[in-house]
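Engineer: How does the following fold in three dimensions:
(one chain, ligands or ions: 1)
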Amino acid sequence: MTLRREENVWIPESDLEGMSVDTLAVRSGQIRTGELEHSDPIFPTSSFVYGSAAQAAARFGGDEPGNIYSRFTNPTVQAFEGRMAAMEGGERAVATASGMAAILSTCMALLKSGDHVVCSRGVFGTTNVLFQKYMAKFGVETSFVSLTDMDEWTRAVRPETRMLFIETPSNPLCEVADMAALAKLARAHDALFVVDNCFCTPVLQRPLEHGADIVIHSATKYLDGQGRCVGGVVVGPNNLMEEVYGFLRSAGPTMSPFNAWVFHKGLETLPIRMRAHCDNALQLALWLEQQPAVDQVFYAGLESHPQHELARKQQSGFGGVLSFRLTGGRAEAWRFIDATRMISITANLGDVKTTITHPATTTHGRLSDEDKDAAGITENLVRISVGIEAVEDLKTDLARGFQALQNPSKGNV
Ligand SMILES: Cc1ncc(COP(=O)(O)O)c(C=O)c1O
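Structural biologist: Model prediction:
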């Protein structure tokens, strides 16, 4: 919804219909008050007032639309939700307190005890823990399968399977799933197909167009893009989103107005940031492939990547995250990371600043050794979220890591 220029009323976004994601990032979900400010306002208020007790009753009863209380109605949060729905091509979005809250809210709203989930092994470590430890406590069992092995998916599905859950490209090995094939499998079993689109964002990939029922984001990553806030969002059809919204209203893992405002503004630069991330990541991946101390580089933009052609079909760019295996083990990976000077040692990704991490002891550190092995999270694996600095400067900094591997004694001087 956007505010019509000449009237103080909300109007549907039909004026933007058919426009590109670049335009939607800047123009959709816009709000403007009677002050006619150009930049979107922020509404940092916990509650809203009514003209009368009768109006309060009408609002609470759902007989009159309007704001009530910021756990479930806030104009700044709704502006962000509107923009995300437009960009993902979904009917409605529901913003949450974090990416994990988005996954939890989706599961709590749409699954019940006795249901079964099939999830790819290549997911963010905490997503794995959420399914394995916490959803299991409430009677939802999860089977983990290889993201790219359709036979494994088919074998894992049971009559009680209600959800297929993936990330594509996956974190941190950048494996790419065939979304159309998984959507078909989900439909055949009356299960929901849920895609965490964190790595690509709607700028590079819109999973709903490939048959997904629901798209999830950690807004903490590229949607913000500057590492300022934690948040999440779920996008999908009205009927499913009404359930997710109902869970949020009752349970409260809500996005704050301030965070929504930061994300809403962050989206305005998302298309140009994503293009810069993709350009830098491809150049770095090609450079890393040439380094003698690198055993293997994982990046879907490389022709050597097993799902390169699929990624070309599904995505309009290959994203900003890559990982690679160094010759050696944990000691070499840590020495390499510690020798960098400019790149930030932090587990967050999607920032304009390049970040580097050791997945086995950070993002995936809570997985058992067996689960790490199955997911390919080896001790010599390093993940880089490539930022938008000059790529030559990134190479200079990473060269310090390679130098430290050659001369361990001079490693971290
Ligand atoms: C792919 C992916 N999904 C979900 C999450 C969870 O998001 P948040 O940290 O915002 O809860 C992360 C976090 O790193 C992630 O990388």
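
Engineer: first to last residue in stretch 229-239, what's the distance?
Structural biologist: By CA to CA, to the nearest Å, the extent of stretch 229-239 from end to end equals 29 Å.

Engineer: Spatially nearest residue to the residue in the stretch 101-250 of the chain positioned nearest to the ligand, not counting backbone neighbours?
Structural biologist: As assessed by CB to the nearest ligand atom, the ligand sits closest to residue 218 within the stretch 101-250 of the chain, at 3.0 Å. Backbone N, C-alpha and C define where each C-beta goes, glycine included. Nearest residue to residue 218, sequence neighbours excluded (CB to CB, 6 or more residues apart in numbering): residue 99, at 2.5 Å.

Engineer: just residue 395 next, same as before
Structural biologist: residue 287 (5.8 Å).

Engineer: element containing the one you found?
Structural biologist: helix 270-289 (DSSP states H and E).

Engineer: Following the chain past that helix, name the next helix or strand.
Structural biologist: Sequence order places strand 294-298 as the next helix or strand after helix 270-289, per DSSP H and E.

Engineer: Any buried residues in that next one, and which?
Structural biologist: 294, 297-298 (16 or more other CB atoms under 10 Å).

Engineer: Return the member of those residues nearest to residue 79.
Structural biologist: Nearest to residue 79 among these is residue 298, at 36.4 Å by CB to CB.

Engineer: Tell me if I'm right that that closest one and residue 173 touch.
Structural biologist: Yes: between residue 298 and residue 173 there is a contact under CB atoms under 8 Å: 4.9 Å.

Engineer: number of nearby residues for residue 155?
Structural biologist: 12 (other CB atoms under 10 Å).

Engineer: how far away is it from residue 146?
Structural biologist: To residue 146, residue 155 is 11 Å away according to CB to CB, to the nearest Å.

Engineer: cool, and residue 207?
Structural biologist: 19 Å.

Engineer: ok, those two, which is more surrounded?
Structural biologist: More crowded of residue 207 and residue 146, by other CB under 10 Å: residue 207, with 29 against 18.

Engineer: Helix, strand, or coil at the residue lying closest to the more buried one once chain neighbours are set aside?
Structural biologist: In space, and not counting its chain neighbours, residue 207 is closest to residue 195: 3.9 Å by CB to CB, 6+ apart. Following DSSP: H, G, I helix; E, B strand; the rest coil, we place residue 195 in the strand state.

Engineer: Next: residue 235.
Structural biologist: Under three-state DSSP, residue 235 comes out as strand.

Engineer: Run through the bridge partners of it.
Structural biologist: Taking DSSP bridges as the rule, residue 235 bridges to residue 93, residue 215.

Engineer: That one and residue 90 touch, don't they?
Structural biologist: Yes: Residue 235 lies in contact with residue 90 (CB under 8 Å); the separation is 3.9 Å.

Engineer: Between the two, which has more neighbouring residues?
Structural biologist: More crowded of residue 235 and residue 90, by other CB under 10 Å: residue 235, with 32 against 24.

Engineer: which ones are touching that one?
Structural biologist: Counting by CB atoms under 8 Å, 6 or more residues apart in numbering, residue 235 makes contact with 84-85, 88, 90, 92-94, 208, 214-217, 241.

Engineer: how about the residues of the chain that lie near the ligand?
Structural biologist: Taking CB under 6 Å from any ligand atom as the contact definition, the chain meets the ligand at 98-100, 124, 127, 167, 171, 196, 198, 218, 220, 230, 232.

Engineer: State the pair within these that is farthest apart.
Structural biologist: 167 and 230 (17.9 Å).

Engineer: between these two, who's got more neighbours?
Structural biologist: residue 167 (23 against 19).

Engineer: re the thing from before, what touches both of residue 235 and residue 90?
Structural biologist: By CB under 8 Å, 6+ apart, the residues touching both residue 235 and residue 90 are 84, 208, 215, 241.

Engineer: and which of the residues you listed is nearest residue 335?
Structural biologist: When these are compared against residue 335 (criterion: CB to CB), the nearest one is residue 215, at 38.7 Å.

Engineer: Backbone dihedrals for residue 143, please?
Structural biologist: Residue 143 adopts backbone torsions of phi -110, psi 140, taken as degrees, to the nearest 10.
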